[in-house]
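Q: Build me a model:
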Amino acid sequence: IAMQNLGDILKSVVPKNAQTAGQNVQTIDIPPPAPVCDTCHSLGWVMRGTQRVAEPCPSCRDVLQERKERLLKASNMPSRSPETGNTFDTFKISDGKQSAYDAAYDFTDIHNEYTVLTLVGPPGVGKSHLLEAVAWKFLERGASVRYEYAPAWLDRLRSTYGDDATETYEQVFNPQKNVD
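A: Prediction:
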């Protein structure tokens, strides 16, 4: 199927007798679509290898880098890069933490069937470390994430109901809703 300009399509659908029937038909020239990347068709990703692994499009690398920078800024990550943050490589597996590590790592697989990951345990066992590691993997792929410390975020949310609130409910809540 060949791509057609929407204006041309609309012109072909307008009845030929529209002008003679007393109808006022206005034709609007629609500009052509933005250039399409020949490599990925402007999706930003290409499938490579026999296992069909998604990789960033080499032709769109600059656009992807700009998107990653915007995503990082919106993510509220406690560290500004994986080099200085908590990753899977820096997690110390000990005392029964292997299953939590495996669950978190498997969650980052693009073909993962789960949409929620819950880590439960006492303070200091690595829950935040693993969640940050998951977030870095998603950001690396170009997906949006939002990192919040739940008690502090809930306090901010509650404070929106006060008379002296400095933020609205939507300002606090909406960044959580709008992530991949």
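
Q: shaky segments in this protein?
A: Across the chain, residues meeting the criterion (pLDDT under 70) sit at 1-35, 64.

Q: so where do the strands sit in it?
A: Listed in chain order, the strands of the chain (DSSP state E) span residues 45-48, 53-56.

Q: Distance to residue 81 and mean neighbour count added to the ones you listed, as TSV?
A: Bear in mind the C-beta positions are built from the backbone N, C-alpha and C, glycine included. TSV is the format used below for the strands of the chain (distance: least, Cβ to Cβ, whole Å; neighbours: other Cβ atoms under 10 Å):
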stretch	distance to residue 81	mean neighbour count
strand 45-48	22	14
strand 53-56	18	14
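
Q: got JSON lines for these, with distance to residue 168 too?
A: Written out in JSON lines, the entries for the strands of the chain read as follows (distance: least, Cβ to Cβ, whole Å):
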{"stretch": "strand 45-48", "distance to residue 168": "36"}
{"stretch": "strand 53-56", "distance to residue 168": "36"}
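
Q: Compare these and give me the one nearest residue 122.
A: Closest to residue 122 of the strands of the chain, according to Cβ to Cβ: strand 53-56, at 37.2 Å.

Q: Could you name the helices and strands sitting against that closest one?
A: Using 3 or more Cβ pairs under 8 Å, 6 or more residues apart in numbering; DSSP states H and E, the elements in contact with strand 53-56 are strand 45-48.

Q: what does the strand it packs on contact?
A: Outside of strand 45-48, the residues that reach it under the criterion Cβ atoms under 8 Å, 6 or more residues apart in numbering are 39-40, 53-58, 142.

Q: and the residue lying closest to residue 157 once chain neighbours are set aside, how many neighbours?
A: Using Cβ to Cβ, 6 or more residues apart in numbering and skipping residues adjacent in sequence, the residue nearest residue 157 is residue 172, 5.1 Å away. Other residues within reach of residue 172 by the criterion other Cβ atoms under 10 Å amount to 19.

Q: Please verify my assumption that residue 172 contacts residue 153.
A: Yes: taking contacts as Cβ atoms under 8 Å, residue 172 lies within contact range of residue 153: 7.3 Å.

Q: List the contacts of the residue nearest to residue 157.
A: Taking Cβ under 8 Å, 6+ apart, one finds 153, 156-157, 160 in contact with residue 172.

Q: what about 6 Å?
A: Contacts for residue 172 were tallied using Cβ atoms under 6 Å, 6 or more residues apart in numbering; they are 156-157, 160.
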